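In: predicted structure and sequence below. I'll ask about it afterward.
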Amino acid sequence: MSVKPEHYDVIRKPIITEKATMASEAGAVVFQVAIDSTKPQIKEAVEALFGVKVKAVNTTITKGKVKRFKGQIGRRNDVKKAYVTLEDGNAIDVTTGL
């Protein structure tokens, strides 16, 4: 499977938080993905970019909070996260950088 430029549009960046680290112990990796991407697109992109086999993809959309920016009311962007569960024997090390 070849790497297409649109794979980089689907997967934005890995998410490294305490919750994501706990998920990685169970064989899952967390990525921030494009808001309009689908589970099959995410699966194809991860398999092409990292050369691993994906077992399952779970997604969640976090709505952006209303915050103040320099006294003005503003709104953060909505964020879509993908929890990608890998097949046994596959691993992605996101802490070393890509």
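Out: Everything's here; your move.

In: rest of the way, CA atoms for contacts and neighbours
Out: Noted.

In: which residues of the protein fall in strands?
Out: 11-14, 28-33, 54-62, 66-69, 72-75, 79-86 (DSSP state E).

In: just the buried residues of the third one, please?
Out: Neighbour-count burial for strand 54-62 flags 54, 57, 59 (criterion: 16 or more other Cα atoms under 10 Å).

In: tell me the contacts of the residue nearest to the last one when sequence neighbours are not counted?
Out: Distances taken as Cα to Cα, 6 or more residues apart in numbering put residue 82 closest to residue 59, at 4.4 Å, once the chain neighbours are dropped. Going by Cα atoms under 8 Å, 6 or more residues apart in numbering, residue 82 touches 30-33, 42, 57-60.

In: now with 7 Å?
Out: By Cα atoms under 7 Å, 6 or more residues apart in numbering, residue 82 lies in contact with 30-33, 57-60.

In: just the residues you listed now: which is nearest residue 74?
Out: residue 32 (21.6 Å; Cα to Cα).

In: dig out what that closest one forms beta bridges with.
Out: Using DSSP bridges, the bridge partners assigned to residue 32 are residue 13, residue 81.

In: I figured it hits residue 14, correct?
Out: Yes - counting by Cα atoms under 7 Å, residue 32 touches residue 14, with 6.0 Å between them.

In: who touches both of these two?
Out: Joint contacts of residue 32 and residue 14 (Cα under 7 Å, 6+ apart) do not exist.

In: so residue 78 makes contact with residue 64?
Out: Yes - using Cα under 7 Å, residue 78 makes contact with residue 64 at a distance of 4.5 Å.

In: the residue minimising distance to the centre of the chain: what's it in contact with?
Out: For the chain, the residue whose C-alpha lies nearest the mean C-alpha position (Cα atoms, centre = their mean) is residue 31; its distance is 1.5 Å. By Cα under 7 Å, 6+ apart, the contact set of residue 31 is 11, 13-15, 81-83.

In: just to revisit the earlier point, now tabulate the buried residues of strand 54-62 in CSV and tack on distance to residue 68.
Out: Shown next, in CSV, are these (distance: Cα to Cα, whole Å):
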residue, distance to residue 68
54, 40
57, 34
59, 28
